[in-house]
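# return atomic coordinates for the entry below.
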Amino acid sequence: MKFARYIGPIALVVAFGVSAAYAQSLKMKQRESSEAEDLVKDAKSLNEACGTEIAVKFDWTEAKEDLITANSPESYCDGMLSGVRRVCGSPDGKAAVKGKVKTISCGFGPERKMSLKDGTIDYKIDFKSANDADFSYEFLQNNL
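Model (predicted):
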């Protein structure tokens, strides 16, 4: 029965630890919402240029609050989308994007990376990188 006395406090510590891990400041929630709203406009521009219905979203999994509040994730993601729009500037490029890209996810990582797998472009933002449009354009020219 001594063990039963400890279950309540242990459960409370575990529950608090889990909720603290997923706790998010109001500032961060508002920032994510604002950035996501702007990304919707960028996605509309992309789909108009490419004649597509590509879903564009943020993956906030690895987002660091200090970097998100000090930078504009949407502008980095839109920089990458600009490279996709540039690919759609030619008939062959537009056909390749239409045929091979269904979803684009912009996330965060320690270095800028881009991959295309199963119809999804996964782009990792590194806030120290520059020329995201050129980076994505070059990637797509070699991988579509």
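
# which residue is nearest the centroid of this protein?
residue 106 (2.0 Å; CA atoms, centre = their mean).

# hmm, that residue is touching residue 77, no?
Yes: the pair residue 106 / residue 77 is scored as a contact, 3.7 Å apart, by CB atoms under 8 Å. C-betas here are computed from N, CA, C, even on glycine.

# need the overlap of contacts for the two.
Counting by CB atoms under 8 Å, 6 or more residues apart in numbering, the contacts common to residue 106 and residue 77 are 39, 56, 58, 123, 125.

# between these, which is closest to residue 144?
Distance ranking of the shared contacts of residue 106 and residue 77 against residue 144, using CB to CB, places residue 123 first at 14.5 Å.

# who's in contact with the closest one?
77, 80, 104, 105, 106, 107, 113, 114, 136.

# likewise residue 81?
Neighbours of residue 81 in contact, by CB under 8 Å, 6+ apart: 42, 43, 45, 46, 56, 104, 136.

# residues near the fourth one, how many?
It refers to residue 46. 21 (other CB atoms under 10 Å).

# then the third one?
Residue crowding around residue 45 was assessed by other CB under 10 Å; the count is 13.

# wait, residue 132 touches residue 114, no?
No: contact between residue 132 and residue 114 fails when scored by CB under 8 Å: they sit 9.3 Å apart.

# give me the contacts around the helix ranked longest in the chain.
The longest helix of the chain (DSSP state H) is helix 26-50. Residues from elsewhere that reach helix 26-50 (CB under 8 Å, 6+ apart): 52-58, 60, 63, 65, 68-69, 72-74, 77-78, 81, 84-85, 88-89, 94, 97-98, 104, 106.
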